[in-house]
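Visitor: Show me how the following folds:
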Amino acid sequence: MKCIYTLLALSWCLLLAGPAGAQAVTGAGSSAAAPIYRSWAKAYTKATGASVAYDSVGSSAGMKKIQQQAVGFGATDVHPSDKDLIEHGLIALPVAITGISPVVNLPKVQNAQLRLTGEVLSRIFMGEITRWNAPDLTALNPDTPLPDLPIKVVVRADGSGTTYNFADYLAKISPAWKASFGVKTSIKWPDGHLAFKGSEGVAKGVRDTVGAIGYVDFGYVAEYGLTSVQMKNADGVFVKPSIDTFKAALANSEWAATGAFNNTLTQKPGKSVWPITMGTFVVFPKVTQQPEQTSQALKFIIWSFVNGDTLVNENNFVRLPDRVQAAAFKVITSVRDQKGTPLGLSLISSSAPFHQ
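Guide: Take a look at the predicted model:
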C-alpha cells in the first residue's frame, strides 16, 4: 500500500501548496528536533519561496505557544497525554525518531569508549557517584584510563522532552530514580549540577567543562565534537548510539507493530537496540483560531513528510515507518477552522487506504 498512500499524499501536498502566501510558517519547541526543522525549512523555502521561522525554545515552551496558537505548529519530544490533547484542543503526530546520548568530557577517553549501565548512569545524575575513578565506573571500564576528577553533571534548565525521555529510561532501570525524580520534562536537580537552556546549551556546557557528563540528542554529538558512551541495553549488550541502533529500537516497538505512536521508545528489547531512543512530534490545534497561520504550517509539514526523508537521515534521525507515517497523515485530516470546515484536507477521505 506504500505507493497508494504516497501518491495520495503527494497529490495532497501539491494541491495544498499553491502559490506561497505572504505569511511565514512559524513553529516553536523541541531543541532536539531543531536540526530537522531547519533543514526542512531551507529546502521548503528553496522549493516554494515561503519562509519558515522555527524557534528552538524547548518542548515545554513550544507546547505553551501552540496552546495559545501563537505559532503555526508546536514541536515536542513528548507525546501529549490524551487529557492534554482534549483539554487544549490539539492533535499530535510524529516527525522522526532519534536517540539521546550521554556525553562526557574526559582526558584520554575516546568516542564511544566509556561503558555505562542505566543503574550507574542514574546514580551519577542523582549525585551518588561523584568521581570518575569511583569503583562502579572502574569496574565497568577496566581498560579505560579514568581520571581522578570530580564528575560535573550537566543538565537541562528548561522544560525538555529530551529530559522527559531520559528520565523515562532511568525510571525503568532504577526504582530509586523513579521514586525520587520520576518522569518529567523539568526536574529539580541536586545542588551542584550545572544547568543550561536547550540542547545547544547542554552540548556547549559539556564541551567546555573537563570532567563533565550530560545528555543530548544524538545529532548534537557530531555537531559539537562530543564524546558519546556505550550503554548496556535490555538484552545485556553494550551498544553505541547510531542510526542503526535507533532503527532497531523502533523495529521492536509498538510504533512499528501497530502504527500507534503514543508510547515512549526507551528500553526496548533486542541485542542491537539503543536503550534511550525517542520520537519527536509536531502539534497543531484541532480547531484553529488562526486558519491562515495553521494552513501555512500544515503545508510545510505535509511537504516535508513527502520530500524530507533524505534530510531526516542527514541529520542523524530515523524516518517514520510507512505505517506510522500513514497514521500521521490521517491525524492531520482532523484539523478544522472554527466553522468546522477542513483546511483543504478533506481531499483525502477517511476511507482512503492509509495502511500497509
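
Visitor: how about the nearest residue to residue 226, chain neighbours excluded?
Guide: Closest residue in space to residue 226, ignoring its immediate chain neighbours: residue 103 at 4.2 Å, by Cβ to Cβ, 6 or more residues apart in numbering. (C-beta placed from N, C-alpha, C; glycine too.)

Visitor: wouldn't that neighbour be in contact with residue 223 here?
Guide: No. Using Cβ atoms under 8 Å, residue 103 makes no contact with residue 223, being 11.5 Å away.

Visitor: What strand or helix carries the residue nearest to the spatial centre of the chain?
Guide: Central residue check for the chain by Cα atoms, centre = their mean: the C-alpha nearest the mean position is that of residue 280, 3.5 Å away. Assigned by DSSP states H and E, residue 280 belongs to strand 276-285.

Visitor: Residues contacting whichever helix or strand comes after that strand, please?
Guide: Towards the C-terminus, the helix or strand next in line after strand 276-285, according to DSSP H and E, is strand 287-288. For strand 287-288, the external contacting residues (Cβ atoms under 8 Å, 6 or more residues apart in numbering) are 69, 89, 294, 335-338, 340, 343.

Visitor: Using a markdown table, please lay out these together with neighbour count and pLDDT.
Guide: Shown next, in a markdown table, are these (neighbours: other Cβ atoms under 10 Å; pLDDT from 0 to 100):
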| residue | neighbour count | pLDDT |
| --- | --- | --- |
| 69 | 19 | 96 |
| 89 | 14 | 95 |
| 294 | 23 | 93 |
| 335 | 21 | 92 |
| 336 | 18 | 91 |
| 337 | 17 | 90 |
| 338 | 10 | 92 |
| 340 | 7 | 90 |
| 343 | 19 | 78 |
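
Visitor: among those residues, which are in strands?
Guide: When these are checked against strands (DSSP state E), the matches are 336-337.

Visitor: about what we covered before: compare residue 103 and residue 223 and say which is more crowded by neighbours.
Guide: Applying other Cβ atoms under 10 Å to residue 103 and residue 223 shows that residue 103 carries more neighbours, namely 26 against 16.

Visitor: How much space separates the more buried one from residue 160?
Guide: Per Cβ to Cβ, to the nearest Å, residue 103 is found 15 Å from residue 160.

Visitor: what does residue 261 give?
Guide: To residue 160, residue 261 is 20 Å away according to Cβ to Cβ.

Visitor: related to what we said a few turns ago, for the residue nearest to the centre of the chain, give me its contacts.
Guide: Taking Cβ under 8 Å, 6+ apart as the criterion, residue 280 is in contact with 30, 32-33, 36, 75-77, 94-98, 161, 317.

Visitor: what's the closest of those residues to residue 190?
Guide: The closest of those to residue 190 turns out to be residue 161 (Cβ to Cβ; 21.6 Å).

Visitor: which residues sit in contact with the closest one?
Guide: Listed by Cβ under 8 Å, 6+ apart, the contact partners of residue 161 are 30, 32, 58-60, 76-78, 185, 278, 280.
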